[in-house]
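**Q** Give me a 3D structure for the following:
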Amino acid sequence: MSTIIFLNGTSSSGKTSLLKALQTRLHEPYLDMGIDKFIWMLPKRYLDRPLWDDVLGKAHQPGPVGLTLFSGMHHAIAAAASRGNNILADHVFVEKAWVDECAELFAGTNAYLIGLTCPLNVLEQREKERQDRTLGQARLQYEVIHKYTRYDLELDTSKLTVEDCAEQVIVRLKSRPAAFRKLKVIID
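**A** Residues are numbered from 1 along each chain as shown. Have a look, this model is predicted:
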């Protein structure tokens, strides 16, 4: 049975670093099918305004292109896993419809939902230091990123190293996932 691991957190919460650490440490191969991979599939002109608003909209309310793109991502992950691939996917669950869709798709599978938390001041400092993100993304996502979710595991990346986070995820994989199943019950 394939394993799917979703990492949900704001911009600069450590999703990409944890994803890379898990790809290195997990014995079986895990495909990186996260949100940035799908965003970068768009034509370059969609990565800047005004077309960027069609992707993530304003105040991180997804636009029509984003709704279609991320639904496609969810279904692509489900399809790849159904063929025996293990998946790692970083996500920003800022839209309830995305959580609901994933609950429908993954409740009966071996899919884990891991929440990455971090104080806002730390996120904003990381965002500044990275210099590869639009300043303010973390602040915009902060109030809604965990609003619609339940988790199999929550990790505070301001208190744990990426190695500690990876180890906790690996330990959690020894038990059955429950988050998407619980979320599906909520929406049914």
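
**Q** Going by C-alpha atoms from here, please, whenever you check contacts or count neighbours.
**A** OK.

**Q** Go ahead and measure how far the lowest-mean-pLDDT helix or strand in the chain is from the middle of the chain.
**A** For the chain, counting by mean pLDDT, DSSP states H and E, helix 52-56 ranks last in confidence among helices and strands (a mean of 76). Distance, stretch centre to chain centre, for helix 52-56: 18 Å (CA atoms, centre = their mean, to the nearest Å).

**Q** in the lengthiest helix in the chain, what's buried?
**A** Assignment by DSSP state H gives helix 64-82 as the longest helix of the chain. Using 16 or more other CA atoms under 10 Å as the test for burial, helix 64-82 gives 65-67, 69-70, 73-74, 77-78, 80-81.

**Q** same deal with stretch 113-130?
**A** Neighbour counts using 16+ other CA under 10 Å place 113-118, 123-124, 126-127 of stretch 113-130 among the buried residues.

**Q** next one: stretch 3-22
**A** Across stretch 3-22, burial judged by 16+ other CA under 10 Å covers 3-16, 18-19, 21-22.

**Q** Give the burial count for M41, as a bare number.
**A** 10 (other CA atoms under 10 Å).

**Q** Same question for the one 3 residues further on.
**A** When neighbours are defined as other CA under 10 Å, K44 has 11 of them.
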